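Participant: Next one to model:
(chains A and B)
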2 protein chains.
Amino acid sequence: MREVAVIGVGMTKFGEHWEKSFRELGIEAGYRALLDAGIESKDVDALFVGNMSGGIFLEQEHISSMVSEAVGMTEHNVPALRVEAADASGGVAFQQAVLAIASGVYETVVVGGAEKMSDLTSIGVTDAMASMGDRSWEGLFGATIPSLYALVARRHMAEFGTTKEQLAHVAVKNHYNGARNPYAQFRREIKLETALRASPVAEPLGMFDCAPISDGAAAVVLTTFDNAKKLSEKPVVKVVGLGLATDTLALARRKEITTFKATVAAARRAYEMASIKPSDVDVAEVHDSYSIGEILAIEDLGFFKKGEGGPATEEGRTALGGEIPVNPSGGLKARGHPLGATGVAQIAELVWQLRGEAGDRQVKDARIGLAQNVGGVGGTAAVTILEVI
Amino acid sequence: MREVAVIGVGMTKFGEHWEKSFRELGIEAGYRALLDAGIESKDVDALFVGNMSGGIFLEQEHISSMVSEAVGMTEHNVPALRVEAADASGGVAFQQAVLAIASGVYETVVVGGAEKMSDLTSIGVTDAMASMGDRSWEGLFGATIPSLYALVARRHMAEFGTTKEQLAHVAVKNHYNGARNPYAQFRREIKLETALRASPVAEPLGMFDCAPISDGAAAVVLTTFDNAKKLSEKPVVKVVGLGLATDTLALARRKEITTFKATVAAARRAYEMASIKPSDVDVAEVHDSYSIGEILAIEDLGFFKKGEGGPATEEGRTALGGEIPVNPSGGLKARGHPLGATGVAQIAELVWQLRGEAGDRQVKDARIGLAQNVGGVGGTAAVTILEVI
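Facilitator: From the prediction side, this is the model:
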């Protein structure tokens, strides 16, 4: 495989962008990434867009053409397409762009991830999000995504003794980190008691166990490693591992639900490609759309043994300064979770961390970063490993 | 680029499948393609799904995980994703799968295209289809997709003298061909007068100028050319040219509308990669979602000069037995147009033609085939060239 590197990243602040359209969010993130890479839109050979549901949120499909036009790329008829795998759309789009460069057909590619969720009511959003699960066999019987994650949490508690306090510690840590991230939706720390006292969403998950409804976009510029060494004045961040995997759409059809097999398989493939082991990872961005998701992730990725994710979080082993800092960006909980943007924002955060540009939330001496992006309730997982050269 | 070949194709009959779910259509097409390739689902390294709007038609996103499970691929956590570019989703998904194999990361990949449209009312479908155009700047003001194509037709008539009779000849030819295709939605020939007398949809386009509302799925199996030579007992069909291009989403923002610049750019890239010229093509499947679309296509692809597409069709130069047979399958008009399935069905038809398996609609001595798949009103175009070895 031809080697590929990230030479530019950019994102909008995540949050409620009442005054900006999807188009404008895409333009803002895209131009920031191009500026960071030091190239112009005419230098781009293709555009990959990660987006979960323009169809339901905006009644707009075909957003690849829309975004291509918005950033001036239709002037030279740049190839563009959308990649979708629920809220793993961004991470999966990134991986497809890497493969497209590796194939030799393209040299320089932009990957954008975006979602505009706040134009629907919160009931509308809950229903839209149910489209990432199995509508026919779970959604139609009333199972929302938070309720399915609540089942996972209950089972994890029953099998391993994971506590509500441990889940709350995920939120406390991620809010602490988010307070240090200028792009985060929530820039304030919270107390453990606040998380524990919050209104229930789907027991045992409360308000602070759930990522918010967000608008936002993120973009990265990719090129060949050889180009990157020539072009970039910043440290070059190479893509060293890719893994993608699926599992059943419905939770009901899995033999076990305290492990996401898609994460395990995707991680195995990514570690193999990168020739590294979990303990080589210096910093990780994982999919904490629900607090239990981060517990599962740090176990399924091999950072901790199954069942030890809760205690490890409580003990601060995943905090900034801990042995494996997880979600220094604030994660989906505090940075926000515009579905299709999340996987691309994870890559942006890793690049800032690996270049040493992450300011108050910098992980010291980070050389290898890992991103894990999950679609639905584990129906898809994408794991990507980056290394600064 | 590592060379890639098609070793299996399959599809469902296109039409109104009241008794079958999206899932079942996907399974049927997928297994037929695997059977044709002589491999099993466990031999598949990745799944690419082309689908325009599971979100709007079925309130179901994340269908990559759903289809992966339905065909038994989640058993070994096969990587899967959905590619979307309006009704070019199938053709674009095919191209991404080729790049993924070319990258060296995957050996054998299945591409499925599917859409289930008939679960909505016809007004619902018209609205869903408007999501492939510019919702904010055209759709919200009442412009439907047929009305935009009608503007293209009127302008083509005004500039080049194209007639309603010439447009009707597209439908007559494609119904003639569809009558010879067991997978076609409409298997009956029509008279020129029938097409001309049909109810208007958006003047000058009548009922027979428009592709129908369809359910259906198609699938193809791709592998490296080296594998294909070893595995396949049938003639090996190699992918020799790929081109993808975008244009503005809204028709209103183009300088001219009698040419689809995206088709021209995509064709130029595909011809260059294949090192051939338009006159080398023996058989073409083009995007006749509206009759005027086929006229534009045969001009923009370089088969005929601009303005000569209408007369050429009237003279039978694109008929079976003509100098360049176009849409021997019956095209979108007669085979049907389940949006995300169309681009994959075009590839399936070309493979049957190039292997000499197309029965009553066989194009004699076809060695090079071209597929052109358009998204929306020309916002995306994918051109793929296949050659039998």
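Participant: which phi and psi does the most centrally placed residue in chain A have?
Facilitator: To find the centre residue of chain A, average its C-alpha atoms and take the closest one (C-alpha atoms, centre = their mean): that gives residue A:343, at 3.0 Å. Here is the backbone geometry of residue A:343 (degrees, to the nearest 10): phi -60, psi -30.
Participant: Residue A:216 now?
Facilitator: The phi/psi pair for residue A:216 (degrees, to the nearest 10) reads phi 160, psi 170.
Participant: which residues in the stretch 151-300 of chain A form strands?
Facilitator: Listed in chain order, the strands of the stretch 151-300 of chain A (DSSP state E, counting those that start in this stretch) span residues A:200-202, A:205-206, A:215-224, A:237-246, A:283-285.
Participant: Tell me which of those approaches chain B most closely.
Facilitator: strand A:237-246 (3.7 Å; C-beta to the nearest C-beta). Where you see a C-beta, it was placed from the backbone N, CA and C, and this is true even at glycine.
Participant: Report the mean confidence score over that closest one.
Facilitator: Confidence over strand A:237-246 (mean pLDDT, whole number) is 98.
Participant: neighbouring strands for that strand, and are they parallel or not?
Facilitator: According to DSSP bridges, the neighbouring strands of strand A:237-246, each with its direction, are strand A:4-11 (antiparallel), strand A:380-388 (antiparallel).
Participant: Give me the helices and strands touching the very next helix or strand once past the shortest one, please.
Facilitator: The element immediately downstream of strand A:4-11 (helix or strand, assigned by DSSP states H and E) is helix A:22-37. For helix A:22-37, the helices and strands in contact under the criterion 3 or more C-beta pairs under 8 Å, 6 or more residues apart in numbering or on different chains; DSSP states H and E are strand A:4-11, helix A:63-70, strand A:108-116, strand A:215-224.
Participant: which residues of the stretch 51-200 of chain A fall in helices?
Facilitator: Using DSSP state H, counting those that start in this stretch, the helices found in the stretch 51-200 of chain A span residues A:54-58, A:63-70, A:89-102, A:122-130, A:145-160, A:164-178, A:192-197.
Participant: got these as CSV, with mean neighbour count, mean pLDDT and distance to residue A:374 columns?
Facilitator: Converted to CSV, those look like this (neighbours: other C-beta atoms under 10 Å in any protein chain shown; pLDDT from 0 to 100; distance: least, C-beta to C-beta, whole Å):
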stretch, mean neighbour count, mean pLDDT, distance to residue A:374
helix A:54-58, 25, 93, 19
helix A:63-70, 29, 94, 22
helix A:89-102, 29, 98, 9
helix A:122-130, 17, 91, 13
helix A:145-160, 20, 98, 10
helix A:164-178, 25, 98, 15
helix A:192-197, 15, 97, 22
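Participant: Which one, of those, ends up nearest to residue A:42?
Facilitator: Comparing the helices of the stretch 51-200 of chain A against residue A:42 with C-beta to C-beta, the closest turns out to be helix A:63-70 (12.6 Å).
Participant: packing partners for the one helix or strand residue A:49 maps to?
Facilitator: Per DSSP H and E: residue A:49 is located in strand A:46-50. In this structure, strand A:46-50 packs against helix A:63-70, strand A:80-84, helix A:89-102, strand A:108-116, helix A:339-355, with contacts taken as 3+ C-beta pairs under 8 Å, 6+ apart.
Participant: can you tell if the longest one touches chain B?
Facilitator: Just to be clear, that refers to helix A:339-355. No. Between helix A:339-355 and chain B, judged by C-beta under 8 Å from any C-beta of the partner chain, nothing touches; the nearest distance is 9.3 Å.
Participant: hey, C-alpha coordinates of that helix in PDB?
Facilitator: The C-alpha coordinates for helix A:339-355 follow below in PDB (Å, rounded to 0.1, in the frame of the first residue of the first chain):
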ATOM      1  CA  LEU A 339     -22.800  12.400  13.900                       C
ATOM      2  CA  GLY A 340     -21.000  12.400  10.600                       C
ATOM      3  CA  ALA A 341     -18.400  14.900  11.700                       C
ATOM      4  CA  THR A 342     -17.200  12.900  14.800                       C
ATOM      5  CA  GLY A 343     -14.900  10.500  13.100                       C
ATOM      6  CA  VAL A 344     -13.100  13.300  11.200                       C
ATOM      7  CA  ALA A 345     -12.900  15.500  14.400                       C
ATOM      8  CA  GLN A 346     -11.200  12.500  16.100                       C
ATOM      9  CA  ILE A 347      -8.500  12.500  13.400                       C
ATOM     10  CA  ALA A 348      -8.100  16.300  13.700                       C
ATOM     11  CA  GLU A 349      -7.600  16.000  17.500                       C
ATOM     12  CA  LEU A 350      -5.000  13.200  17.100                       C
ATOM     13  CA  VAL A 351      -3.100  15.300  14.500                       C
ATOM     14  CA  TRP A 352      -3.000  18.300  16.900                       C
ATOM     15  CA  GLN A 353      -1.900  16.000  19.700                       C
ATOM     16  CA  LEU A 354       0.800  14.300  17.600                       C
ATOM     17  CA  ARG A 355       2.100  17.600  16.400                       C
END
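Participant: could you give the angle of it to strand A:80-84?
Facilitator: Using axes from the mean of the first three to the mean of the last three C-alpha atoms, to 10 degrees, one finds that helix A:339-355 and strand A:80-84 are set 100 degrees apart in direction.
Participant: average model confidence for helix A:339-355?
Facilitator: Confidence for helix A:339-355, expressed as mean pLDDT, is 98.
Participant: Could you identify the helix or strand that succeeds it?
Facilitator: Counting by DSSP H and E, the next helix or strand C-terminal to helix A:339-355 is strand A:368-375.
Participant: which stretch in the helices and strands packed on helix A:22-37 has the least confidence?
Facilitator: Checking each of the helices and strands packed on helix A:22-37, the one with the poorest mean pLDDT is helix A:63-70, at a mean of 94.
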